[in-house]
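K.L.:
Sharing a sequence plus its predicted fold:
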Amino acid sequence: MAVYTDVSDEELAAFVARYDIGGLLAFKGIAEGVENSNFLVHTEAGYFILTLYEKRVDPADLPFFLNLMRHLAGKGISCPTPLVARNGEMLGELAGRPAAMVTFLDGMWIRRPRTVHCAGLGEGLAKFHLAGADFAMTRANSLSVGDWRGLLDLSLERADEVAPGLGGELSHELAHLEAVWPSDLPSGVIHADLFPDNVFFLGDTLSGFIDFYFACTDAFAYDVAICLNAWCFEADLSFNVTKARAMLNGYRSVRDFTPEEFAILPTLARGAALRFLLTRLHDWLNVPEGALVTPKDPTEYLKKLRFHRDARSVSAYGLDE
Ligand SMILES: Nc1ncnc2c1ncn2[C@@H]1O[C@H](COP(=O)(O)OP(=O)(O)O)[C@@H](O)[C@H]1O
Ligand SMILES: N[C@@H](CCOP(=O)(O)O)C(=O)O
């Protein structure tokens, strides 16, 4: 579910009246998503998405996310564009929450991505990275290597409830990654959560990106490493090297990797797996009472992490060294 906050008809009509989008015709909550409350809003001007930002989003970060979407859309990247209200603001308040209205993006997310989708994703991601190059704002990644220890500490005592020996394995893994994590790779705006549910396709063609609420300034290759994790493993958690090769070659057709990015890819993929493992582990051990949220399985990312740990070079991902 992803409607944490109820909105009355009257409140919503008053919110919609702040924009030049005609009167409110209908609205309904959207069940998908986990972070924020989302509503599909139908007005005389068409369909829009209303998002109420819930507690995991820092309101101070919202100008970065909203301006980024406007910047990327202006550069031809297909993504939701925040509407500007008559008072000149993109951000408002509704039902006690910061709230914004964005344009509706056509397309569907692909439940079982195939090689063609991975290739399209790689190409689209590289275009995204290039389009962000002259975006003036920055936001440090709040879930990067320096944040993982604090996150692990929150779960360490109970980690072995999830898998025997998990606490020890993660401590060992983190110490290694802290020692070798690079700080000088080509960087800029990255999406940082480009899982299949955040990428829309029309048929087999990528139609756009959504959910920019982890976007930040970090290494481009780390964004690619997140996608290797999220897109290139099969349901049985075997790694599909054909999909990885297609994704990486799609990316390189637009922006090539530097030799340093190439060499460090297994480490970045290992770190990306640990990052999602840690947030999932925390959420798994701390499901709020009565919550309708289904926590995501952390052990999926343990298996992925072990794959990357055994990868010696980019050849594990289908490319020549
Ligand atoms: N701009 C948009 N256009 C169309 N559908 C959207 C848009 N934004 C969100 N959605 C719908 O809302 C769902 C949840 O959005 P998402 O941003 O992933 O939420 P969360 O941040 O809570 O994970 C998406 O899966 C999609 O169905
Ligand atoms: N992609 C993350 C969870 C964040 O969920 P989203 O719906 O906001 O993309 C994970 O799979 O752990």
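P.N.:
Looks like it arrived, so ask away. Ligands and ions are numbered 1, 2, ... in the order given.
K.L.:
Low-confidence stretches in the stretch 51-200 of the chain?
P.N.:
When residues are selected by pLDDT under 70, none of them lie in the stretch 51-200 of the chain.
K.L.:
change it to 90
P.N.:
54-56 (pLDDT under 90).
K.L.:
Please, where are all the helices along it?
P.N.:
Here the stretch 51-200 of the chain has its helices, by DSSP state H, counting those that start in this stretch, at 62-74, 115-131, 145-155, 159-162, 166-180.
K.L.:
domain assignment for this structure?
P.N.:
9-104, 109-317 (automatic domain parsing).
K.L.:
which of those sits most buried?
P.N.:
Sort the domains of the chain by mean neighbour count, taking mean count of other C-beta atoms under 10 Å, and domain 109-317 sits at the top with a mean of 18. Backbone N, C-alpha and C define where each C-beta goes, glycine included.
K.L.:
and that one with ligand 2, contact?
P.N.:
Yes: contact of domain 109-317 with ligand 2 (C-beta under 6 Å from any ligand atom) involves 193, 195, 197-198, 211, 276, 279-280, 296.
K.L.:
So for the chain, the centremost residue is which one?
P.N.:
Centroid-nearest residue in the chain: Asp193, 1.6 Å away (criterion: C-alpha atoms, centre = their mean).
K.L.:
Next, the contact list for that residue, please.
P.N.:
With contacts defined as C-beta atoms under 8 Å, 6 or more residues apart in numbering, Asp193 is in contact with 211, 213-214, 226.
K.L.:
if I look at it, how far off is Leu185?
P.N.:
To Leu185, Asp193 is 19 Å away according to C-beta to C-beta, to the nearest Å.
K.L.:
Same question for Thr115.
P.N.:
Counting by C-beta to C-beta - Thr115 and Leu185 are separated by 27 Å.
K.L.:
Same question for Ala246.
P.N.:
Using C-beta to C-beta, we find Ala246 at a distance of 23 Å from Leu185.
K.L.:
Which among the domains of the chain is found nearest to ligand 1?
P.N.:
Closest to ligand 1 of the domains of the chain, according to C-beta to the nearest ligand atom: domain 9-104, at 2.6 Å.
K.L.:
Please see if the closest one touches ligand 2.
P.N.:
Yes: interface with ligand 2: domain 9-104 contributes 33-35 (C-beta under 6 Å from any ligand atom).
K.L.:
which residues does Gly29 bridge with?
P.N.:
Here Gly29 sits in beta bridges with Phe39, going by DSSP bridges.
K.L.:
my guess is it contacts Phe39, does it?
P.N.:
Yes: applying C-beta atoms under 8 Å, one finds Gly29 in contact with Phe39, separated by 5.5 Å.
K.L.:
Mind listing the shared neighbours of these two?
P.N.:
By C-beta under 8 Å, 6+ apart, the residues touching both Gly29 and Phe39 are Val3.
K.L.:
So Phe212, which state does it fall into?
P.N.:
coil (DSSP: H, G, I helix; E, B strand; the rest coil).
K.L.:
Can you show me the strands along the stretch 1-150 of the chain?
P.N.:
For the stretch 1-150 of the chain, the strands defined by DSSP state E, counting those that start in this stretch cover 24-29, 37-43, 46-52, 92-94, 97-103, 108-109.
K.L.:
Could you pull up the residues touching Ser238?
P.N.:
Counted by C-beta under 8 Å, 6+ apart, Ser238 has zero contacts.
K.L.:
From Thr103, how far off is it?
P.N.:
On the measure of C-beta to C-beta, Ser238 and Thr103 end up 38 Å apart.
K.L.:
One more: Leu278?
P.N.:
From Leu278 over to Thr103 the distance is 33 Å, taken as C-beta to C-beta.
K.L.:
picking up where we left off before, any chance of the strands of the stretch 1-150 of the chain in JSON lines, plus distance to Val287?
P.N.:
Converted to JSON lines, the strands of the stretch 1-150 of the chain look like this (distance: least, C-beta to C-beta, whole Å):
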{"stretch": "strand 24-29", "distance to Val287": "21"}
{"stretch": "strand 37-43", "distance to Val287": "18"}
{"stretch": "strand 46-52", "distance to Val287": "21"}
{"stretch": "strand 92-94", "distance to Val287": "27"}
{"stretch": "strand 97-103", "distance to Val287": "22"}
{"stretch": "strand 108-109", "distance to Val287": "24"}
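K.L.:
Turn these into CSV, including distance to ligand 1.
P.N.:
Supplementary listing: the strands of the stretch 1-150 of the chain in CSV, determined by distance: least, C-beta to the nearest ligand atom, whole Å:
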stretch, distance to ligand 1
strand 24-29, 10
strand 37-43, 4
strand 46-52, 4
strand 92-94, 16
strand 97-103, 5
strand 108-109, 6
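K.L.:
Minimum distance to Pro63: which of the ones you listed has it?
P.N.:
strand 97-103 (10.5 Å; C-beta to C-beta).
K.L.:
so which of the contacts of Asp193 are also by ligand 1?
P.N.:
Contacts with ligand 1 are made by 211, 213 out of those, judged by C-beta under 6 Å from any ligand atom.
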